[in-house]
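Q: No letters, just coordinates:
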Ligand code: IMP
């Protein structure tokens, strides 16, 4: 037992402060991902993608994310004609997106590809699978110039497997998501920072997916080697996320509901896997947020500030920053003390 490897996540580490930038505005947060346009890549001013969940990214969120400097990944938990309609709207308004697909999803792939879609995200709970490799191969052989994002994996071997199968971008994260119960139900998973570290060793392009609670987590994910992060919960309360706000007269505030892709609610809606399915997600409620642009801009300010603390002018320099592990008391020390005394 003493030789068991240690898995770390965001709260287990901090970045060692370095010599500050002269100004936070000098921090360039832009990132580049492969994309099927004329130049073969897309540069995003903000290294944030919206999650391909039914309650997070449809065409409205995709447009808002692109306007905010990030990118939307459209979900697959809908009928094929709905996915096609979303893709066509994005195409007509020139909003770059990736369209999500599952394995055994040839009809969806064909319909999207026939109308010019070349950016796909293969999205399954455990992407380290032959079925995903076959889907990557199918995309590669049937769609010239296709760009494939594939996941999710959480280990070096999983990432290498997908890279060897032909994936361009790896999505990492098994179990860190805010509405995920995979670790509780299956006993499997990997603390997210360790997952990023392992996958970054082999992936050319890496998305850290799930578990982001604020800009500090994003700075840590980018430092560990992610090219961008994917977020769900932090965007779930925005007007651009699908779904209507619920007004609570007692608190005079509005909230929105969002469901895990493997939650009972989502599975019932999609009738996924019949009796053999396991439910590995929950439905949660979040306060309404003003707008996607506000959420993203606030996160961006924090990322810039983090880069300034370690003296990094861009993401390549950020990766040279060093981590220190923190104890539980070190972590607690960093929380607002009023919060600890329960007086906030
Ligand atoms: P969040 O930003 O912490 O809300 O995490 C969003 C991520 O959680 C998504 O991009 C998915 O990778 C993951 N996720 C979404 N739904 C589920 C689920 O039902 N079970 C497990 N993971 C999920």
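A: That came through fine. This one's a predicted model, so the numbers in the text were calculated from it and none came from an experiment.
Q: What are the boundaries of the helices in the stretch 201-344 of the chain?
A: 215-224, 233-236, 264-270, 292-309, 315-318, 328-333, 337-340 (DSSP state H, counting those that start in this stretch).
Q: Distance to residue 280 and mean pLDDT for the ones you listed - can I get that in a markdown table?
A: Every residue, glycine included, has its C-beta placed from N, CA and C. Converted to a markdown table, the helices of the stretch 201-344 of the chain look like this (distance: least, CB to CB, whole Å; pLDDT from 0 to 100):
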| stretch | distance to residue 280 | mean pLDDT |
| --- | --- | --- |
| helix 215-224 | 22 | 98 |
| helix 233-236 | 16 | 98 |
| helix 264-270 | 10 | 88 |
| helix 292-309 | 26 | 98 |
| helix 315-318 | 32 | 98 |
| helix 328-333 | 27 | 95 |
| helix 337-340 | 31 | 77 |
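Q: how about TSV for those, with mean neighbour count and distance to the ligand added?
A: Converted to TSV, these look like this (neighbours: other CB atoms under 10 Å; distance: least, CB to the nearest ligand atom, whole Å):
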stretch	mean neighbour count	distance to the ligand
helix 215-224	24	9
helix 233-236	26	3
helix 264-270	16	7
helix 292-309	19	12
helix 315-318	18	20
helix 328-333	11	19
helix 337-340	10	21
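Q: Let's have these in TSV, adding distance to residue 196.
A: As requested, the helices of the stretch 201-344 of the chain are arranged in TSV below (distance: least, CB to CB, whole Å):
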stretch	distance to residue 196
helix 215-224	4
helix 233-236	18
helix 264-270	26
helix 292-309	16
helix 315-318	13
helix 328-333	19
helix 337-340	27
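Q: Residue 75: which of those is closest?
A: With CB to CB as the criterion, residue 75 lies closest to helix 264-270 of the helices of the stretch 201-344 of the chain, at 9.7 Å.
Q: Now do the closest one: distance to the chain's middle.
A: 21 Å (CA atoms, centre = their mean, to the nearest Å).
Q: got it, and stretch 44-60?
A: Distance, stretch centre to chain centre, for stretch 44-60: 8 Å (CA atoms, centre = their mean).
Q: Which positions within it qualify as buried?
A: Using 16 or more other CB atoms under 10 Å as the test for burial, stretch 44-60 gives 44, 46-60.
Q: can that stretch be found next to the ligand?
A: Yes - applying CB under 6 Å from any ligand atom, one finds that stretch 44-60 is in contact with the ligand at 51, 53.
Q: remind me which residues of the chain are low pLDDT?
A: Within the chain, the segments meeting pLDDT under 70 span 271-275, 342-344.
Q: What sits closest to the residue most central in space within it if chain neighbours are left out?
A: Nearest to the mean C-alpha position of the chain, by CA atoms, centre = their mean, lies residue 230 at 1.7 Å. Excluding the flanking residues, the one nearest residue 230 by CB to CB, 6 or more residues apart in numbering is residue 209, at 4.0 Å.
Q: Quick check: the residue of the stretch 51-200 of the chain nearest the ligand.
A: residue 177 (2.3 Å; CB to the nearest ligand atom).
Q: In strands only, show me the buried residues of stretch 44-60.
A: 44, 48, 49, 50 (DSSP state E).
Q: So what pairs up with the third one in the strands?
A: Listed by DSSP bridges, the beta-bridge partners for residue 49 are residue 71, residue 230.
Q: shouldn't it be in contact with residue 227?
A: No - using CB atoms under 8 Å, residue 49 is not in contact with residue 227; the gap is 9.9 Å.
Q: Give me the common contacts of the two.
A: Common neighbours of residue 49 and residue 227 (criterion: CB atoms under 8 Å, 6 or more residues apart in numbering): residue 207.
Q: how far is stretch 140-150 from where the chain is centred?
A: 20 Å.
Q: ok, is it in contact with the ligand or not?
A: No - on the criterion CB under 6 Å from any ligand atom, stretch 140-150 is out of touch with the ligand, staying 11.7 Å away.
Q: and the residue nearest to residue 230, what is it in contact with?
A: By CB under 8 Å, 6+ apart, residue 209 lies in contact with 51, 151, 152, 171, 172, 173, 176, 177, 229, 230.
Q: any idea how far it is from residue 171?
A: The spacing between residue 209 and residue 171, counted by CB to CB, to the nearest Å, is 5 Å.
Q: how about the residues of this structure that lie near the ligand?
A: Residues of the chain lying near the ligand (CB under 6 Å from any ligand atom): 51, 53, 152, 173, 177-180, 182, 209-212, 230-233, 260-263, 280-281.
Q: now the ones in strands among the buried residues of stretch 44-60 in a markdown table, with distance to residue 26?
A: What follows is those, written out as a markdown table (distance: CB to CB, whole Å):
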| residue | distance to residue 26 |
| --- | --- |
| 44 | 19 |
| 48 | 20 |
| 49 | 25 |
| 50 | 27 |
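Q: Nearest to residue 122, out of those residues: which one, please.
A: The closest of those, once distances to residue 122 are taken by CB to CB, is residue 49, at 14.8 Å.
Q: Tell me the spacing between the closest one and residue 98.
A: 8 Å.
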